[in-house]
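Chemist: the following comprises the amino acid sequence and a computationally predicted model.
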Amino acid sequence: MNQQRIGFVFNTLGITGGVHVIYRWAQILVSLKYQVDIIVLEYHPHLVIGFLDPKQAGFEIINLSTAKKRSYHLILATWWETLYALPELSSQRYGLFAQALESQFYNTNDPRILEYDLLMSFPLPIITIAHWLKNHYIKTYGIDDSFIQVAINPIDHHLFNTCVENNFSNSKTPTFLIEGNAQDPRKNIPLSIQILESTKTPYIWVGSKIDTRLIGPHCRGTHEQVSYKDMPKIYKRCEVLLKLSTAEGMFGPPLEMFACKKTAIVWDVAGHEEYMIHGHNSLVLPMYQINDTINAIEQLKHNHTFRQQLQKYAYQTAFNWPDWSQYKDVVKQVVTQIPPIDVPRWFNHIKKHKQKRIQRLRKQPQKFYEEFIKKPLQLKIKQNKTIYRLLKN
């Protein structure tokens, strides 16, 4: 009996949490006897990612031309623009593996937001990693509940146990951690640095790209392009994660910090509610409330008892969280429940009948929005409900 093949479509690969999650899924699918391809549209032959060795893990990294010659049981786009590659690939099933609300990556007047809305308004099976994302897709695009599966990311207990000490930290001068790329405005890295410098708080910065021009005298070190397996060493050196993001998916780094008997200060970004409770295992503050943020930092710097209390319950939260080793049944259930929708037909329809609209979108985004998104979106939601009923029958 031939093994079924599953493909994940990427624009490119990099050291990111999202890529790591897909790599772990690929590794699990191989253990379930699937053949797995990582299909990279911007492929080059020396592509290397530090999370896992693909050959050792049992899956391949290939280009689109190679993928076109293969037949798949399931193809999953991993970014909204990679949806356009689906009609070029032969598969029994198609879907989107969504780890964030991807329109949040763009400025509010960027025409790609409208193009994203156009694509998402068509029927599409979705795997996502957070309940708030599922609720957004249902409410905004009228996607049927049965077409969206939530698979919350586990953590690697074996990896993070290497940094767990017997006692909770009681440092009189706790070191804070900043995590993220300063070039991503949603991460608010420059603001985080400014706040910690203004409060004379020692900190470490880890990110895919580091701009040393931003750091000040209270920085205790920077780490760039750190592989996932090396993150516990950095978490171990810090007591509190300061994460002032305005857009996230499942919001993984605070949970990893929890697993190392640490805690976090975050803004109330969508995704935090999966496991963060203000005053219990972390401090969750209203967005852009700078004075509240400064007060929270000072509180955790000087109130050692309260900081240890947060760390205690943070560790309990992480301790009870599912482990990747327990995730095989979840992955198996998700991939077998994706409905066999003729996705290429929908996207070929977009290409054929919507191309002029997309061109107008790029040239006149506001006019396009009024004519083709704002007015018909509510109607399309009603239409989608009918379409989903027909597709399920």
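Modeler: That came in fine, so what should we check first? Everything numeric here is computed off the predicted structure, so don't read it as measured data. Residues are numbered from 1 along each chain as shown.

Chemist: now the lengthiest strand in the chain: buried residues?
Modeler: For the chain, the longest strand by residue count, based on DSSP state E, is strand 90-98. Neighbour counts over strand 90-98 (16 or more other C-beta atoms under 10 Å) mark 91, 93-98 as buried. For the C-beta atoms, the positions are set from N, CA and C on the backbone; glycine is no exception.

Chemist: centroid residue for the protein?
Modeler: Centroid-nearest residue in the chain: residue 99, 3.7 Å away (criterion: C-alpha atoms, centre = their mean).

Chemist: burial count for the closest residue to residue 268 other than its chain neighbours?
Modeler: Closest residue in space to residue 268, ignoring its immediate chain neighbours: residue 284 at 5.3 Å, by C-beta to C-beta, 6 or more residues apart in numbering. By other C-beta atoms under 10 Å, the residues close to residue 284 number 20.

Chemist: tell me the secondary structure for residue 284?
Modeler: strand (DSSP: H, G, I helix; E, B strand; the rest coil).

Chemist: and residue 65, what element?
Modeler: Assigned by DSSP states H and E, residue 65 falls within helix 64-68.

Chemist: counting contacts, what elements does that helix pack onto?
Modeler: strand 35-40 (3 or more C-beta pairs under 8 Å, 6 or more residues apart in numbering; DSSP states H and E).

Chemist: wait, doesn't residue 220 sit right on residue 201?
Modeler: No: look at residue 220 against residue 201 with C-beta atoms under 8 Å: they stay out of range, at 10.2 Å.

Chemist: who's more crowded, these two?
Modeler: Between residue 220 and residue 201, counted using other C-beta under 10 Å, the more crowded position is residue 201 (20 against 13).

Chemist: separation between the more buried one and residue 267?
Modeler: Per C-beta to C-beta, to the nearest Å, residue 201 is found 17 Å from residue 267.

Chemist: check residue 315 too.
Modeler: Distance from residue 315 to residue 267, by C-beta to C-beta: 22 Å.

Chemist: returning to that earlier point: dump the helix or strand following the longest strand of the chain to CSV, restricted to CA.
Modeler: Counting by DSSP H and E, the next helix or strand C-terminal to strand 90-98 is helix 111-120. Extracted in CSV, the C-alpha atoms of helix 111-120 (Å, rounded to 0.1, in the frame of the first residue of the first chain):
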residue,chain,number,x,y,z
PRO,A,111,-4.3,46.9,-0.5
ARG,A,112,-3.1,43.4,0.4
ILE,A,113,-5.5,43.5,3.3
LEU,A,114,-8.4,43.7,0.9
GLU,A,115,-7.0,41.0,-1.3
TYR,A,116,-6.7,38.8,1.9
ASP,A,117,-10.3,39.5,2.7
LEU,A,118,-11.3,38.5,-0.9
LEU,A,119,-9.5,35.2,-0.6
MET,A,120,-10.8,34.4,2.9
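
Chemist: helix 111-120 vs strand 90-98, what angle?
Modeler: Put simply, helix 111-120 runs at 130 degrees to strand 90-98, going by axes from the mean of the first three to the mean of the last three C-alpha atoms, to 10 degrees.

Chemist: distance from the chain centre to helix 111-120, please.
Modeler: Computed by C-alpha atoms, centre = their mean, to the nearest Å, the chain-centroid distance of helix 111-120 equals 19 Å.

Chemist: now do stretch 195-214
Modeler: 23 Å.

Chemist: so the residue nearest to residue 300 when sequence neighbours are not counted: helix, strand or coil?
Modeler: Once flanking residues are discounted, residue 300 sits nearest to residue 307: 4.8 Å by C-beta to C-beta, 6+ apart. Secondary structure, three-state DSSP: residue 307 is helix.

Chemist: how many neighbours does residue 307 have?
Modeler: Count around residue 307 with other C-beta under 10 Å applied: 23.

Chemist: quick check: pLDDT value at it.
Modeler: Residue 307 carries a pLDDT value of 96.

Chemist: now residue 270
Modeler: 89.

Chemist: neighbours of it, just the number please.
Modeler: Using other C-beta under 10 Å: residue 270 sits among 21 other residues.

Chemist: that one and residue 35, how far apart?
Modeler: 35 Å.

Chemist: for residue 57, same thing?
Modeler: Using C-beta to C-beta, residue 57 is found at 12 Å from residue 35.

Chemist: sketch out the low-pLDDT regions of the stretch 251-393 of the chain for me.
Modeler: 344-393 (pLDDT under 70).

Chemist: okay, helices next: where are they in it?
Modeler: 252-259, 290-302, 304-319, 328-336, 343-363, 365-368, 375-392 (DSSP state H, counting those that start in this stretch).

Chemist: can you check the stretch 101-250 of the chain too?
Modeler: 111-120, 131-141, 157-160, 189-198, 231-236.

Chemist: in a markdown table, list those along with mean neighbour count and mean pLDDT.
Modeler: Listed next are those as a markdown table, based on neighbours: other C-beta atoms under 10 Å; pLDDT from 0 to 100:
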| stretch | mean neighbour count | mean pLDDT |
| --- | --- | --- |
| helix 111-120 | 20 | 82 |
| helix 131-141 | 17 | 91 |
| helix 157-160 | 16 | 89 |
| helix 189-198 | 18 | 96 |
| helix 231-236 | 19 | 92 |
